[in-house]
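Visitor: My questions concern the predicted model and sequence given below.
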Amino acid sequence: MRRVDWSKRCPQCWMHWRLCLCEQAPRLKVDTGLVLLMDRREACQTTNTGHMAPLVLERSKVVVTSRQEPPDDKLQGIVESGRRAVLLFPGHGAQVLTPQWLEGHSEPLTLVVPDATWRVARRTMRKSAILRRMQPVVLPPGPPARWYLRRPPEPGVISTLEAIARAMGVLEGQHVEQALMKVLRMMVQRHMWSKGLLEPEALVDGVPPPLPSGWTSPQRPFQRGFAPLIEADGPDKPWRGRSDDLNGD
Ligand SMILES: [Zn+2]
């Protein structure tokens with residue numbers, strides 16, 4: 001466990017400044033809301049893909065959950081009134097997200113997505129009456145993970161961002177799925193390139209431009225604002241976590 005040096009990371013995409021992809025990420029208006037329930041330890045990882053979803057999707061919120069605090073303290077009112085929350089989790093009675101399923105739901109939807117290990121996500125569910133009241137949904141069977149930084153522990157396991165992309169493909173359309181997958185591809189390829197695992201010409205979206213000479217990271221990068229995360233933890237107290245992140249800072 002060691003301290004994460006947040007000044008080395010962009011507060012929006014959370015990539016190291018040299019790899020920041022904010023300029024290239026599209027920003028899409030969507031009807032479906034997104035609430036990402038991000039485990040605090042997960043939020044420290046440079047390999048976390050969930051961070052990318054709010055970059056692309058309007059109507060996104062990130063709630064950073066900790067294993068010590070009851071999740072419902074932060075979840076009160078997180079889904080706007082008039083919207084139906086569906087929880088992307090294989091809970092009891094989970095329904096399969098398909099176009100036919102969507103036809104039966106005319107009300108505005110908010111997709112709630114746990115971003116944690118299965119064990120932690122299950123524990124969060126047990127502790128949250130709010131989450132247990134939500135309708136669980138699952139993705140239909142699909143191809144193996146296309147882009148990932150962590151090798152899937154078993155076939156069929158995909159990253160958080162790819163899961164959101166596939167869900168949004170059903171809920172919003174293929175263009176949203178493709179936009180999210182493009183950002184995932186950029187993230188994965190830039191990481192691999194930075195570690196010497198990919199030649200520059202192999203990057204489909206190109207090598208990130210070099211930082212201007214004399215560039216230094218902002219003294220207080222959180223002032224640039226990352227509204228969804230700040231909303232969860234308070235604008236004056238950006239949290240500082242610890243990480244056993246193996247990917248380096
Ligand atoms: Zn960035």
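Guide: Yep, it's here.

Visitor: contacts and neighbour counts: CA atoms only from here.
Guide: OK.

Visitor: Below-threshold pLDDT in this structure: ranges please.
Guide: In the predicted model of the chain, residues 1-6, 152-153, 218-249 satisfy pLDDT under 70.

Visitor: Which residues are in contact with Leu19?
Guide: 190-191, 208 (C-alpha atoms under 8 Å, 6 or more residues apart in numbering).

Visitor: Helices - which of those residues land there?
Guide: 190-191 (DSSP state H).

Visitor: Can you name the residues in contact with whichever strand or helix holds Leu34?
Guide: If you go by DSSP states H and E, Leu34 is part of strand 33-39. Residues outside strand 33-39 that contact it (C-alpha under 8 Å, 6+ apart): 50, 57-67, 78-79, 109-116, 120.

Visitor: change it to 6 Å
Guide: 59-66, 110-116 (C-alpha atoms under 6 Å, 6 or more residues apart in numbering).

Visitor: residues near His175, how many?
Guide: For His175, the count of nearby residues is 13 (other C-alpha atoms under 10 Å).

Visitor: So which residues of this protein form strands?
Guide: For the chain, the strands defined by DSSP state E occupy 2-3, 33-39, 60-65, 84-88, 95-96, 109-115, 135-138, 242-243.

Visitor: From the contact counts, what lies against the fifth one?
Guide: Looking back up the chat, that one is strand 95-96. For strand 95-96, the elements it packs on are strand 135-138, judged by 3 or more C-alpha pairs under 6 Å, 6 or more residues apart in numbering; DSSP states H and E.

Visitor: Show me what the strand it packs on pairs with in its sheet, parallel or antiparallel.
Guide: Sheet pairing of strand 135-138 (DSSP bridges) gives strand 84-88 (parallel), strand 95-96 (parallel).

Visitor: Who are the contact partners of the most centrally placed residue in the chain?
Guide: Residue closest to the mean C-alpha point of the chain, counted by C-alpha atoms, centre = their mean, is Gly50 at 1.5 Å. Applying C-alpha under 6 Å, 6+ apart to Gly50 gives the contacts 160-161.

Visitor: if you set the cut-off to 8 Å instead, what comes out?
Guide: Residues near Gly50 by C-alpha under 8 Å, 6+ apart: 36, 38, 115, 160-161.

Visitor: ok, of those, which come out buried?
Guide: 36, 38, 115, 160-161 (16 or more other C-alpha atoms under 10 Å).

Visitor: Pick the one among those closest to the ion.
Guide: Leu161 (16.0 Å; C-alpha to the ion).

Visitor: what's the distance between that closest one and Pro212?
Guide: 30 Å (C-alpha to C-alpha, to the nearest Å).

Visitor: picking that back up, so which of the strands paired with strand 135-138 is nearest Leu131?
Guide: Among those, the nearest to Leu131 by C-alpha to C-alpha is strand 84-88 (7.4 Å).

Visitor: angle of that closest one against strand 33-39?
Guide: 40 degrees (axes from the mean of the first three to the mean of the last three C-alpha atoms, to 10 degrees).

Visitor: could you list every residue that touches Leu57?
Guide: 27-30, 34.

Visitor: Fine by me, we can end here.
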